Structure formats: C-alpha cells, structure tokens
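Participant: show me the folded form of this:
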Amino acid sequence: MQTLSKNKRRAKRVCIILVATVLSYVIFSMAGSAIVFRFIFARTNTVNAFELTYSDIDAEKYPRSEISFFSGDNRLCGFVYRPPGESAGLVLVANGINSCADRHLPEILRFVDSGFSVFTFDNTGVGRSEGGGTVGIPQARIDTVAAIEYIRSEKDLAALPLFLYGHSLGGYAVTTALLDEDDIRAVVCVSGFDSPNENMRSSAKRYVGILADAQYPFMCLQNYFLFGDKSDVSAVSAINSTDTPVMIVGSNGDERIPYEISILNKADEITNPNAVVVEIDDQYRSAHSSAWLSREAARYLAETENPDDKARANVLDEEFMNSVISFYKNAVRKTR
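Facilitator: As a prediction, this is how the structure comes out:
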C-alpha cells in the first residue's frame, strides 16, 4: 500500500510537471508570437533609393490632392490624381507591405496619361498615416475597404467606374475586398498570395527554418486574436465569390512570394469565369517587384548592388501596362 501511495504521488508530480511545461510552452509561444508580430508589422517610413517620389516628377503636369479618411481609429493619408480631361474611371492602387503611397508612381502616371483618375494611400502604420504599426496582413484588406468607402462618400469619385490594382500585400487586399464591396469593375493583382497564415509561415521559415513550423499554430492564433474571422481569408475564395473580371499576374521566380503560396499556384481552383492568369517567365521581370518594369529596368535592379538611378530603374513595360489598361477598359464596355 505504501509503495502504491508513493507511485501515485510520483505520477501526480509528473502530471503537474507536464501540465506546467505545456502551459509554459504555450504562454511563452504566445508571447513570442506577439513580439514577432510587433517586430514584423512595425511602423515604417522606408523609401528605397531607386523609388520615384512625388518630388521627382512634374507636379504641374500631374497635380494631386491630399485627402484623409479613417480606417478604424487611425486617420490614413491618401492622394487623388486626375487626368486633364474627362476621366475614364478611378484606379485604386493598393501597395505592398511597408510601401508608401508613391511606391507605384510609374504606374500611377501611366494610368493618368491613359485618362484615369488614381487614388492611392499609406496603409495603417505607414508613411503619413496614423498607427503605431501595420498590425498584420488582414489590416491591408480593412484599409482598402475603408478607402473604397471614402470613395463612395465623395460624389465626384463615386460617379466613376472603380478599378483596383494591388501588388503583393496590396494584391491580397484588392482580391479579398471583393467580399466586402460591390460594383468594382475589374481587379488586377500582381504577385499576390492566397493565405495570410501561409504567407507568415513562409516568411518565418526564411529566418528561423523549421522552428517556424513549431511556432506556426501560435502565429495563427495571434492572427485570429487580432482579426477574428478575417484573419485567414483565401484570396482565391474571394475571387470565386464574384464574376468581376480579375487579372492574376505572377511568376514561378518570385523570391518573396514562393510559388507554393501564390495565387498563381492555385489558378486551377479559380472558377470565376472572368478571371485571367498572366504568368511572367522572363529571367528579370519574374522577380517579386518587377512585373510592371521593362526588362532593362528589371535587369538593372537585379544586377546592381545599390541601385539609385531612378530614371533607369522605373521604365515601364509597355506591353504589360497596355494589357492592364485594356483590361480595365474592356470591363467598362461589358457592363454598358
């Protein structure tokens, strides 16, 4: 009986130790995930040396007006560009992670030259916008929807056919915004990914290898705590929820969004009858941020250690830009 009692006490101690160990692991893992989120999604004002900014262009030729709108409790800063004559529509440009409103200035100017108005903005925690950080991937969808709601509230903007153009994080935002907003005429998604959770795990693996797999459930949980049912919405499911024309642009050589987590990889799951897929297989233009660039510009960025020649780095690929503009204009014709 005494031996049995000792065994029970020993078993109880073992159980207590195991429970304490598991609880400690969970607590530290959750705390670690919260710290990782604060680090990855910290506030940013970064502009690369090769990026065009508004101070580099002819402001008289391309005037813009500054506006602001709220996304949750944060006031975001945005800009509206207008063509000299009647506008063919309004293109909302959604940027990649940590990118400011000028990041896609070459495309913005091309849209304006083609008769479109353009609306772009700094996301939460970026550039001129408020916010202590960028919070997480789904915040980009929330910010994009807030921008669309602002557009709907402005009579002159609301009257224009609305098109969306997004890159990377912005690509995810403009596709998932289809779940929130009606009457979007067409969407172009460049270098987009399908799932926020998959994207976070892929990014973490670049830094900590297989340890990312152990931390993955806690990153997902942290994401859910922040965003609830919006935490891991599939971009492909959003595309399939509508018949809005969607152009998916991607490549198998994307170093930031590996093929296995890209929308391109799930192209055969897309059932939207008006979706088209454009795969870029050029050695240089297949990089994460080169789809819209000429081969020469993309090669310069790829092969130069510290690229800072803005004129050389921002030459657009005319075939690509023409295809995007034609895609938008054809979408308008189909709805008339």
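Participant: packing partners for whichever helix or strand A238 is part of?
Facilitator: Following DSSP states H and E, one finds A238 within helix 235-240. Applying 3 or more C-beta pairs under 8 Å, 6 or more residues apart in numbering; DSSP states H and E, we find helix 235-240 packed against helix 169-176. All C-beta atoms are positioned from the backbone trio N, CA, C, and that covers glycine.
Participant: show me what the helix or strand just after the helix it packs on is packed up against.
Facilitator: The helix or strand immediately downstream of helix 169-176 is strand 184-190, counting by DSSP H and E. Under the contact definition 3+ C-beta pairs under 8 Å, 6+ apart, strand 184-190 sits against strand 162-167, helix 169-176, strand 246-250, helix 318-335.
Participant: what would these look like in JSON lines with distance to I270 and mean pLDDT?
Facilitator: As requested, the helices and strands packed on strand 184-190 are exported to JSON lines (distance: least, C-beta to C-beta, whole Å; pLDDT from 0 to 100):
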{"stretch": "strand 162-167", "distance to I270": "17", "mean pLDDT": "98"}
{"stretch": "helix 169-176", "distance to I270": "11", "mean pLDDT": "98"}
{"stretch": "strand 246-250", "distance to I270": "8", "mean pLDDT": "98"}
{"stretch": "helix 318-335", "distance to I270": "16", "mean pLDDT": "91"}
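Participant: and of the ones you listed, who's closest to R110?
Facilitator: helix 318-335 (5.1 Å; C-beta to C-beta).
Participant: list the buried ones in the closest one?
Facilitator: For helix 318-335, a neighbour-count test (16 or more other C-beta atoms under 10 Å) marks 320-321, 324-325, 327-329, 331 as buried.
Participant: what sits up against that helix?
Facilitator: Helix 318-335 has contacts (C-beta atoms under 8 Å, 6 or more residues apart in numbering) with 88-89, 91, 107, 110-111, 114, 116, 161, 163, 165, 185-186, 188, 245, 247, 249, 276, 278, 291-292, 294.
Participant: please save the CA atoms from it in CSV.
Facilitator: The C-alpha trace of helix 318-335 is given here as CSV (Å, rounded to 0.1, in the frame of the first residue of the first chain):
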residue,chain,number,x,y,z
GLU,A,318,4.6,48.9,-72.2
GLU,A,319,3.1,45.6,-73.1
PHE,A,320,2.2,44.9,-69.5
MET,A,321,0.7,48.3,-68.9
ASN,A,322,-1.3,48.3,-72.1
SER,A,323,-2.7,44.9,-71.1
VAL,A,324,-3.8,46.3,-67.7
ILE,A,325,-5.4,49.4,-69.2
SER,A,326,-7.2,47.4,-71.9
PHE,A,327,-8.4,45.0,-69.2
TYR,A,328,-10.0,47.9,-67.3
LYS,A,329,-11.5,49.5,-70.4
ASN,A,330,-12.9,46.2,-71.7
ALA,A,331,-14.6,45.7,-68.2
VAL,A,332,-16.4,49.0,-68.6
ARG,A,333,-17.6,48.1,-72.1
LYS,A,334,-19.0,44.8,-70.9
THR,A,335,-21.1,46.5,-68.2
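Participant: and that helix with strand 184-190, angle?
Facilitator: 160 degrees (axes from the mean of the first three to the mean of the last three C-alpha atoms, to 10 degrees).
Participant: run the angle between helix 318-335 and strand 246-250 for me.
Facilitator: Computed by the same axes, to 10 degrees, the angle separating helix 318-335 from strand 246-250 equals 160 degrees.
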